[in-house]
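In: generate coordinates for the sequence data below:
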Amino acid sequence: MIFIDACKRKDTPYTPIWLMRQAGRYLSEYREVRAKAGNFLDLCKNPALSCEVTLQPIDILDCDAAILFSDILVIPLEMGLGLNFLKNEGPKFETCIRNNNDLGILQTNAYKKLDYVYDTISLTRAKLSKDKALIGFCGAPWTLATYMIEGQGSKTYTHSKKMLYTNPNLLRNILEKLTNELKLYLESQIKAGVDAIMIFDSWAGALEEKAYIEFGFNYINEIADYIKKTYSNIPIIVFPKGVGGFLDRFANLNSNFDVFGIDWGTSMKNAKHILGDKFVLQGNLEPCRIYDMEAMESGIDDIINIMGNTSGHIFNLGHGMLPDLPVSNAIRLVQLVREKTKR
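Out: Residues are numbered from 1 along each chain as shown. A predicted model of the protein is given here:
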């Protein structure tokens, strides 16, 4: 698989490409399947339909890897927090974890209740072409904890950051419970058939450097260490969004993953200079460039000029696909990357 070879810094015939949120609302085919499912959570819990939307970007865009269609919040959902996806509001939990008594709400062995995820993986891997990789994923402990503490997405992370500084032991307890579940969740995904795993830390940039290393990155490393002990051949991708201001810290930390995702707000040039010898880099086209063909091609050229036409790079966006991006441009994006990076 070209994608897996690239994760391991092996030579490939071109720079592989896939897109975060490549299975999503910008595709009319996805919208039809979601309407058939009834709602987003029902879609996530339906292996046949989840498999169908996982495969759509492979069929339509011809990406080099499919990413499991699911949601990062299925872990806290199955830990006992009721979850709803509200129109125009996004995910919202029925209960929050804000004090020591609330910890009792969280159930263990949540990973055992996620057969619908593992069944989706098995179905997808059976239908996916053998030259295309299947990426499994989870949310990072810090990002999941913010949702569980705030009750929904947040711009200020008031309750989460207040807990970090006034009751750090409570936050550590939440993060430890999540970390233990995520280790077994990702291991179960690997057993079901994924070829690589990705850990999304979407709200990494909410914390200052010292706090993020302690309450964010250290837990990601713990998960990576656990996976690599048994599955050393499975590439691990980490995407800590918003940490461009302290990339040098990651260059000097011991870590057991293979690929570092670069968000669009981080200089790819700096990332290559600081991290390029330690990790394969993934990213980082600004998603909004896809609205305009000229802007998109210019962005592609800038990234390729920095990363070169060699191993050590996986082309991706610096965040996810937006709901109204033109599909024709996304198709052309994949074609252009292949044409421009052909060895």
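In: average pLDDT for the lengthiest helix in the chain?
Out: Longest helix of the chain, by residue count under DSSP state H: helix 168-192. Helix 168-192 comes out with an average pLDDT of 98.
In: beyond that helix, next helix or strand please.
Out: strand 196-201 (DSSP states H and E).
In: residue 135 versus the residue most central in space within the chain, what's the distance?
Out: Closest to where the C-alpha atoms of the chain average out (C-alpha atoms, centre = their mean) is residue 200, at 3.8 Å. As judged by C-beta to C-beta, to the nearest Å, residue 200 and residue 135 stand 11 Å apart. C-beta coordinates here come from the backbone N, C-alpha and C atoms, glycine included.
In: mind listing the shared neighbours of those two?
Out: Taking C-beta atoms under 8 Å, 6 or more residues apart in numbering as the contact rule, residue 200 and residue 135 touch no residue in common.
In: contact partners for residue 94?
Out: 81, 82, 83, 84 are the contacts of residue 94 under C-beta under 8 Å, 6+ apart.
In: am I right that the last one sits in a helix?
Out: It refers to residue 84. No. Counting by DSSP: H, G, I helix; E, B strand; the rest coil, residue 84 falls outside a helix, being strand.
In: that one against residue 92, yeah?
Out: Yes. Using C-beta atoms under 8 Å, residue 84 is in contact with residue 92, at 5.4 Å.
In: so the longest helix of the chain versus strand 196-201, what angle?
Out: Per axes from the mean of the first three to the mean of the last three C-alpha atoms, to 10 degrees, the angle that helix 168-192 makes with strand 196-201 is 160 degrees.
In: list the buried residues of helix 168-192.
Out: 170-172, 174-175, 177-190, 192 (16 or more other C-beta atoms under 10 Å).
In: try stretch 208-218
Out: 212, 213, 214, 215, 216, 217.
In: with just CA atoms, put that stretch into PDB.
Out: Provided in PDB are the C-alpha atoms of stretch 208-218 (Å, rounded to 0.1, in the frame of the first residue of the first chain):
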ATOM      1  CA  GLU A 208      -0.300  26.700  26.700                       C
ATOM      2  CA  GLU A 209       2.800  24.600  26.000                       C
ATOM      3  CA  LYS A 210       3.600  23.300  29.500                       C
ATOM      4  CA  ALA A 211       0.000  22.300  30.200                       C
ATOM      5  CA  TYR A 212      -0.400  20.700  26.800                       C
ATOM      6  CA  ILE A 213       2.600  18.500  27.200                       C
ATOM      7  CA  GLU A 214       1.400  17.300  30.600                       C
ATOM      8  CA  PHE A 215      -2.300  17.000  30.100                       C
ATOM      9  CA  GLY A 216      -2.400  16.300  26.400                       C
ATOM     10  CA  PHE A 217       0.700  14.900  24.600                       C
ATOM     11  CA  ASN A 218       1.800  12.700  27.500                       C
END
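In: which parts of the stretch 101-250 of the chain are strands?
Out: 133-139, 196-201, 236-240 (DSSP state E, counting those that start in this stretch).
In: work out the gap between stretch 95-111 and the centre of the chain.
Out: 24 Å (C-alpha atoms, centre = their mean, to the nearest Å).
In: for the stretch 201-343 of the chain, what spans make up the helices?
Out: 209-212, 218-230, 247-252, 268-275, 293-307, 327-341 (DSSP state H, counting those that start in this stretch).
In: again with the stretch 1-150 of the chain
Out: Remark: helices assigned in the stretch 1-150 of the chain by DSSP H, counting those that start in this stretch are 2-7, 28-37, 40-44, 47-60, 74-78, 115-127, 141-150.
In: in stretch 144-163, what's buried?
Out: 144-151, 154, 157, 159-161, 163.
In: all set, thanks.
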